[in-house]
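Chemist: sharing a model prediction with you, sequence too.
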Amino acid sequence: MSTSTLPKGSKGQTPELPKKVFITGASGFIGRKLYERYQDLGCEVRGMDLVADESRNVIAGDLTKPEAWRDHAKGCDLFLNIASLVSLAGDWQAYKDVSLAGVRNSLDVAIAGGAKRFVHYSSIAAMGWDYEPGADERAPVAIGEEYRYGVAKGASEHAVLAAHAAGEIDCTIIRPGDVYGPGSRPWLIVPLEMARAGKLILPNGGKGIFTPVYIDDLVDGTVLAAGLESGSGRIFILWGDEEVTCREFFSNHWRWAGKKGNPPSMPLSAAFKLTDGIWWVNRKLNRPNETTSDVMRMWARKGGYSIENARKQLGWEPKVRLKDGLERSEEWLKEIGEIG
C-alpha cells in the first residue's frame, strides 16, 4: 500500500514506477532515503552496501567485486547506482577502481540483470570548483590534478553516457548539490564535530557559496528523472536554488556546538598551505583524514547552478526552503542527542 505521493512532471504526468528497484549504497544517507521512498510507493526494493542488512534485503558487497552481489540485482527494472568513493582525500588508484571501473561493473550487472533504466549519481563536483556562477549541465567537467573527487565523478559520467549512446541500457545522471537534512553525516554531523573541536575554518571570510539541497527534494527529483521518458540520456543538476555563503550555513553548526559568533577564517592561499601540510603529515603517518586543500576549494565556490534543465524536462522544483530544512535538521540533531 503506497504511503507516498508521486511527484508530477512538467505536464502533470506521473513518472512510471518500477516493480523492482536495486540500489548500490542502499544503507547510506541518500541510498536509504531512496530505498524508503520506493518502498513506500509499493515497489520491491533490494540493494547492496559494504555491510549487509538482512531486514532490508541488502547484501554485503562493493563496486569492485560485482560477482558478490550480481545475482541479487537480477530482475530489477530500475538500477540506482548511489555507491561511490565519497572522499576528497583518496588517491588516484582508489578513484579509478571505484569511480571508474566500479561504475562499469554496475552497468554490466544492471544490463545482465535486465534493468530498463540505470540512474547514476554523480555530483556537482564534476564541474570543479572554479565554474562560472549559474553554470548548467553544458559546462565543462573538471580535469587535472586538483579536485580529484570531482575529476573522478566527471570521468564516471563518461562511462554511463557511453553505455547509453551505444544502446546498452537507458541511462540518466544526477548531479546533486550539497545534500543535507535529517540523517546527513557529511553536512550535519561532521561539521558539528569540527566546530566542537575548533577545526571548522573557512577560507576567504566564509564568502564561498554553499549549494544545499534538502534530501526529500533530491529524492523527488530522482523519482522523476528515473521514471519519465524525458529523463532518458540526460544529466540533471538538482539543488535547492537558494545560495547561501559558507559562513551563513556553517554558523549553524558553530551555534549548535555552543560557540558564539561565526567560524574563524583565513585567506584561501593560507588555507591551501595549511591543509596541504596537514595532508602531507597524515599521509606520512598513514592516518586517514579528510583535511585537504580540496575541502577549501569546495568552500570557495563563486556561485550556484542553473536548474532550468530539471524544471523544463522534469517539472522539478525544490519545495523545502533552507530555513525550514535547517529547522528540521536541528530537531533531528536534538532527537539523536547530538545537541541539547
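Modeler: Arrived safely, thanks for sending. Numbers count the residues shown, from 1 in each chain.

Chemist: which stretches of the stretch 201-340 of the chain have low pLDDT?
Modeler: 279, 287-290 (pLDDT under 70).

Chemist: and with 80 instead?
Modeler: 276, 278-291 (pLDDT under 80).

Chemist: low-confidence stretches in the stretch 1-150 of the chain?
Modeler: Ranges of the stretch 1-150 of the chain meeting pLDDT under 80: 1-4, 86-91.

Chemist: helix, strand, or coil at the residue of the chain positioned farthest from its centre?
Modeler: For the chain, the residue at maximal distance from the C-alpha centroid (C-alpha atoms, centre = their mean) is residue 260, at 30.5 Å. Counting by DSSP: H, G, I helix; E, B strand; the rest coil, the backbone at residue 260 sits in coil.

Chemist: which stretches of this protein form strands?
Modeler: Taking DSSP state E as the test, the strands found in the chain are 20-24, 44-49, 58-60, 78-81, 117-121, 170-176, 178-180, 202-203, 209-210, 212-214, 235-238, 244-245, 265-266.

Chemist: deepest in the core, which of those strands is it.
Modeler: The highest mean neighbour count among those, using mean count of other C-beta atoms under 10 Å, belongs to strand 78-81: a mean of 28. C-beta: built from backbone N, CA, C; applies to glycine.

Chemist: for that one, give me every contacting residue.
Modeler: Residues from elsewhere that reach strand 78-81 (C-beta atoms under 8 Å, 6 or more residues apart in numbering): 18, 20-25, 31, 34, 38, 73, 103, 106, 109-110, 113, 115-121, 222, 226.

Chemist: do stretch 63-76 as well
Modeler: For stretch 63-76, using C-beta under 8 Å, 6+ apart, the contacting residues are 18, 20-22, 24, 46-48, 59-62, 79, 83, 97-98, 101-103, 105-106, 108-110, 112-115.

Chemist: kindly report the same for stretch 50-61.
Modeler: Residues outside stretch 50-61 that contact it (C-beta under 8 Å, 6+ apart) are 26, 27, 35, 45, 46, 47, 48, 49, 62, 68, 69, 72.
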